[in-house]
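**Q** No letters, just coordinates:
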């Protein structure tokens with residue numbers, strides 16, 4: 001588990017970037033249809049902050065469950081509680097907290113994602129984009145709540161196993177895991193159906209045709225390195241910019257190094273978890 005979950009996270013990031021990279025290259029090479037003329041696009045300048053998209057009930061539950069586990073670990077370290085079967089609790093706690101931080105960082109990326117608007121039906125497109133953002137933020141909150149609940153579940157399982165017995169804890173422990181996963185899948189499916197209703201009404205793919213083709217838009221100002229894979233411009237706030245060859249990672253953005261450090265820490269976490 002400690003190998004596969006981080007590997008899946010890193011692979012998902014890499015595959016998405018690769019797909020976007022080649023999709024951008026294809027769009028640059030695709031000729032413009034004769035009946036299509038470059039139109040225009042608006043850029044929404046309304047600032048979006050993470051604190052404006054926080055569900056305080058969810059945050060209170062996450063903080064409460066996390067503090068419960070940390071206090072239990074602290075009491076063990078101070079000798080106020082017997083270590084017993086809880087001696088191996090540190091590794092899953094560190095692992096889950098690290099994944100929790102990654103989910104919060106990903107939520108920040110989606111909140112600050114710049115929104116382009118077509119010249120026609122801009123209000124409809126904005127409504128779809130807000131529904132799209134709300135869907136992803138709710139899924140991220142559900143994932144973070146699931147991770148926080150996992151901390152409490154591990155604590156409860158290891159604690160009651162000492163008092164009740166390992167064999168007696170297996171059926172309720174398995175049932176709790178299955179019910180939690182089923183609730184999470186049901187919630188995400190319900191939110192996806194809600195987004196699908198808005199998509200069927202607005203048909204955002206039709207509105208995307210309003211955007212000028214990439215071949216008619218100039219590349220952003222700045223210095224491109226490594227054949228257009230990297231980009232250097234401190235005045236450009238994006239982490240991933242469009243380059244003449246596809247997409248480029250902005251090396252002058254602090255967020256680039258933050259995500260690089262997080263992914264490197266994920267690799268180190270796997271080594272630490274498995275090596276011990």
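**A** Yep, that arrived. What you are looking at is a predicted structure, and each value in this text was computed from that prediction instead of being measured.

**Q** Quick one: the helices in this protein, in order.
**A** In the chain, the helices defined using DSSP state H lie at 4-29, 56-77, 90-111, 122-164, 166-202, 204-208, 254-275.

**Q** Between the ones you listed, which one is closest to residue 50.
**A** Smallest distance to residue 50 across the helices of the chain (Cβ to Cβ): 5.1 Å, for helix 90-111. Glycine gets a C-beta too; all of them are placed from N, C-alpha and C.

**Q** how many degrees apart are the closest one and helix 122-164 in direction?
**A** 170 degrees (axes from the mean of the first three to the mean of the last three Cα atoms, to 10 degrees).

**Q** Buried residues of helix 90-111, list them for me.
**A** For helix 90-111, the neighbour count (16 or more other Cβ atoms under 10 Å) marks 92-93, 95-100, 102-103, 106-108, 110-111 as buried.

**Q** and which of these is nearest residue 49?
**A** residue 111 (7.2 Å).

**Q** Point out where the stretch 151-276 of the chain drops to low pLDDT.
**A** 159-167, 169, 210-219, 276 (pLDDT under 70).

**Q** again, but for the stretch 1-150 of the chain
**A** Applying pLDDT under 70 to the stretch 1-150 of the chain flags residues 2, 30-47, 76-88.

**Q** Mind doing that once more with 90?
**A** 1-59, 61-99, 102-106, 108-130, 147-150 (pLDDT under 90).

**Q** how far away is the spatially most central residue of the chain from residue 177?
**A** In the chain, the residue lying closest to the centroid (Cα atoms, centre = their mean) is residue 106, at 3.5 Å. According to Cβ to Cβ, to the nearest Å, residue 106 stands 24 Å off from residue 177.

**Q** ok, now residue 13?
**A** Counting by Cβ to Cβ, the gap from residue 13 to residue 177 is 26 Å.

**Q** go on, residue 154?
**A** 11 Å.

**Q** between these two, who's got more neighbours?
**A** Counted by other Cβ atoms under 10 Å, residue 154 and residue 177 do not tie: residue 154 has more neighbours, with 18 against 13.

**Q** The more buried one reaches residue 89, doesn't it?
**A** Yes - with contact defined as Cβ atoms under 8 Å, residue 154 reaches residue 89; the gap is 6.7 Å.

**Q** okay, and the common contacts of the two?
**A** Residues touching both residue 154 and residue 89 (Cβ atoms under 8 Å, 6 or more residues apart in numbering): residue 69.

**Q** nearest spatial neighbour of residue 180, skipping sequence neighbours?
**A** The shortest distance from residue 180 to any non-neighbouring residue, by Cβ to Cβ, 6 or more residues apart in numbering, is to residue 149 (6.4 Å).

**Q** Neighbours of that neighbour, how many?
**A** Neighbours of residue 149 under the rule other Cβ under 10 Å: 18.

**Q** Equivalent analysis for residue 201, please.
**A** 12.

**Q** wait, what's in contact with it?
**A** Per Cβ under 8 Å, 6+ apart, neighbours of residue 201: none.

**Q** From residue 125, how far off is it?
**A** 12 Å.

**Q** got it, and residue 113?
**A** Residue 113 sits 14 Å away from residue 125, taking Cβ to Cβ as the criterion.

**Q** What of residue 117?
**A** Taking Cβ to Cβ, one finds residue 117 at 6 Å from residue 125.

**Q** Same check on residue 242?
**A** 20 Å.

**Q** So between the two, which is more surrounded?
**A** residue 125 (22 against 19).

**Q** Excluding chain neighbours, what is closest to the more buried one?
**A** residue 207 (4.9 Å).

**Q** Contacts only, for the nearest residue to residue 195 once chain neighbours are set aside.
**A** Distance criterion Cβ to Cβ, 6+ apart; nearest residue to residue 195, sequence neighbours excluded, is residue 135 at 4.5 Å. Residue 135 makes contact with 191, 192, 194, 195, according to Cβ under 8 Å, 6+ apart.

**Q** Can you lay out the residues you listed as TSV showing distance to residue 233 and neighbour count?
**A** As requested, those are arranged in TSV below (distance: Cβ to Cβ, whole Å; neighbours: other Cβ atoms under 10 Å):
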residue	distance to residue 233	neighbour count
191	36	18
192	36	11
194	38	14
195	34	16
